[in-house]
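Visitor: With the sequence up front, the predicted model follows.
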Amino acid sequence: MDFLHSVSGMNNASGRSMIRRDEHQNQQASNPDGYSMIAPPPPRVSVIIPARNAEATIIPTLDSIFAQDYEGPIEVIVADGSETPAMSELVRQSHPSVKLIPNPERTLVPGANTAFQAATGDIMVRCDAHTTLPPGYVGRAVETLERTGAANVGGRQLAVGTTPFERTVAMAMTTPLGAGGARHRLGGQEGVADTAYLGVFSPETLEEMGGGYANLAGNEDYEFNYRLRKHGKVVWFDPELVVHYRPRGTFWALARQYFNYGRGKSAVVMMHPGSLRPRQLAAPGLALGLAAGLVLALAGFPWLLAALMLAYVSTLAVGAAVVGFRRRDAAAVLLPMVMATMHLSWGIGFFIPSPRYSGHS
C-alpha cells in the first residue's frame with residue numbers, strides 16, 4: 001500500500017510531547033512533597049484539513065476552528081489539492097495563520113498524510129472542508145482521548161443542508177434507510193466502536209500504524225480504525241462530539257462521493273476480509289439484484305425485474321413519506337431519488353475496487 005511515512009515529522013511531534021511531559025515530571029521532582037506546583041499545559045493540537053476546490057465551504061470550517069474555546073495552542077493545516085489557486089488565496093485572506101501545503105495528487109489520503117507529516121501538535125484532530133466544529137469540540141475530544149485511553153476518538157456526523165437538495169441528502173444520511181446502522185450518523189451510547197468519524201489521535205498512534213492512511217479512494221478511516229483494533233487498540237465513540245456536516249449539493253457530486261465510498265469499502269474488504277459487516281452487503285446486493293433482473297428481463301422474464309423494482313421503489317416511497325411527515329420538510333419529495341443514488345452508487349462502486357490498492361497487514 002502506498003503510504004506517506006512521516007517518521008521525521010512524527011518523531012518531532014513525539015519528541016515535543018515527551019519534552020512537555022518531562023518538564024512536568026521535573027516540576028514534580030523539584031517539589032519535596034511530591035506534588036506539582038504547576039498543572040501541565042494542555043496538549044498542543046494540530047487540526048488537519050485535506051481540501052479540494054472547497055471555496056464554498058472552507059471559510060465556515062476555519063471560522064469554527066478558530067472559535068474553539070480550547071485553552072491550549074491550535075495549529076491548522078490545510079492540504080490543498082485544488083486545480084486553481086482560488087481556495088488558497090481565500091484562506092490566506094481570511095485566516096493568514098493557517099499553514100497551507102500543496103497536495104499535487106489532489107485526493108484526500110495523500111493530502112491528509114502530507115498534513116500529518118507537517119503537523120507539530122501532541123494530538124491530531126482530523127477535519128473536513130465540509131464540516132464545522134461546535135465551540136467545545138477540540139476540548140471535549142482531547143478530554144475524551146485522555147479519559148478513555150483510546151487510540152482514536154470520534155463522534156457524530158450531523159448532516160445539515162442549506163439548499164433543498166442538501167437538506168434532502170441530510171435527511172437520507174440521518175435515517176436508517178439511508179445510513180444503515182452507522183452509529184456516527186444515527187447516534188448511540190458512548191463506548192467502544194468499530195470506527196470513528198474523522199478521528200482524534202496522537203502522533204505516536206499514527207506512527208505505530210505506519211505513519212498515515214492507506215491510499216484508497218474512500219473508506220480510509222475505517223481501514224485505519226480496523227488496523228488499530230487488530231493491534232489491540234481501542235476506538236471510541238463519544239456522542240457529545242457532534243460535527244456539523246454540509247452534504248454534497250448535486251446528484252452528480254453525491255453519486256461520485258458514494259461511488260468512491262463503495263470502491264474504498266471493496267478495497268478494505270480485500271485487505272481485511274474480517275472487516276465486512278452483513279449490513280454493508282445491502283447496497284452491493286441491490287446493485288447485483290437489479291443487474292441480474294435486467295439480464296433475466298432481456299432473456300424473456302421481465303416480471304422478475306418489475307417485481308424487484310416495485311419492492312425497492314415502494315420501500316423508498318414509504319420511507320420518504322415517513323421521514324417527510326416527521327421532519328415537516330417538503331425537501332423529502334426528492335428523498336427516494338437521493339437514497340437510490342446513494343445506494344446504487346455505493347453498490348456499483350463496491351464491484352470496482354479502488355486502483356490505489358495493495359495489501360497491508
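Guide: Arrived safely, thanks for sending. Numbering: from 1, shown residues only.
Visitor: can you give me the helices in the stretch 1-150 of the chain?
Guide: 7-29, 58-66, 86-94, 108-118, 137-148 (DSSP state H, counting those that start in this stretch).
Visitor: what's the least confident stretch among those helices?
Guide: Comparing mean pLDDT across the helices of the stretch 1-150 of the chain, the weakest is helix 7-29, with a mean of 42.
Visitor: Output the below-cut-off pLDDT ranges for the protein.
Guide: Residues of the chain meeting the criterion pLDDT under 70: 1-37, 181, 355-361.
Visitor: biggest helix in it, by residue count?
Guide: When the chain is parsed with DSSP state H, its longest helix is helix 302-327.
Visitor: how far out from the middle of the chain is that helix?
Guide: 29 Å (Cα atoms, centre = their mean, to the nearest Å).
Visitor: Just the buried positions in that helix, please.
Guide: 304-305, 308, 312, 316, 319-320, 323-324, 327 (16 or more other Cβ atoms under 10 Å). No exception for glycine: its C-beta is placed from N, CA and C like everyone else's.
Visitor: Output the contacting helices and strands for that helix.
Guide: helix 176-179, helix 282-298, helix 335-350 (3 or more Cβ pairs under 8 Å, 6 or more residues apart in numbering; DSSP states H and E).
Visitor: what's the angle between that helix and helix 335-350?
Guide: Relative orientation of helix 302-327 versus helix 335-350 (axes from the mean of the first three to the mean of the last three Cα atoms, to 10 degrees): 120 degrees.
Visitor: ok, how many other residues are close to T132?
Guide: T132: 21 surrounding residues under other Cβ atoms under 10 Å.
Visitor: beta partners of it?
Guide: Bridge pairing for T132 (DSSP bridges) gives the partners H244.
Visitor: just to revisit the earlier point, tell me the angle of the longest helix of the chain relative to helix 282-298?
Guide: 140 degrees.
Visitor: Burial-wise, tell me which of the helices and strands packed on helix 302-327 comes out on top.
Guide: Most buried of the helices and strands packed on helix 302-327, by mean neighbour count (mean count of other Cβ atoms under 10 Å): helix 335-350, with a mean of 22.
Visitor: List the contacts of that helix.
Guide: With contact meaning Cβ atoms under 8 Å, 6 or more residues apart in numbering, helix 335-350 is reached by 165, 168-169, 171-172, 177-178, 218, 251, 254-266, 282-288, 290, 312-313, 316-317, 319-320, 323-324.
Visitor: Distance of V322 relative to L254?
Guide: For V322, the distance to L254 (Cβ to Cβ, to the nearest Å) stands at 21 Å.
Visitor: Same check on V76?
Guide: 28 Å.
Visitor: roughly how far apart are P104 and V78?
Guide: 15 Å.
Visitor: Between the two, which has more neighbouring residues?
Guide: More neighbours surround V78 than the other of P104 and V78, with 27 against 9 (other Cβ under 10 Å).
Visitor: Between all of the buried residues of helix 302-327, which two are separated the most?
Guide: L304 and R327 (34.8 Å; Cβ to Cβ).
Visitor: Give me the buried positions along stretch 214-227.
Guide: 214-227.
Visitor: Setting aside sequence neighbours, what's the nearest residue to G180?
Guide: The shortest distance from G180 to any residue other than its chain neighbours is 4.9 Å, reached at R279 (Cβ to Cβ, 6 or more residues apart in numbering).
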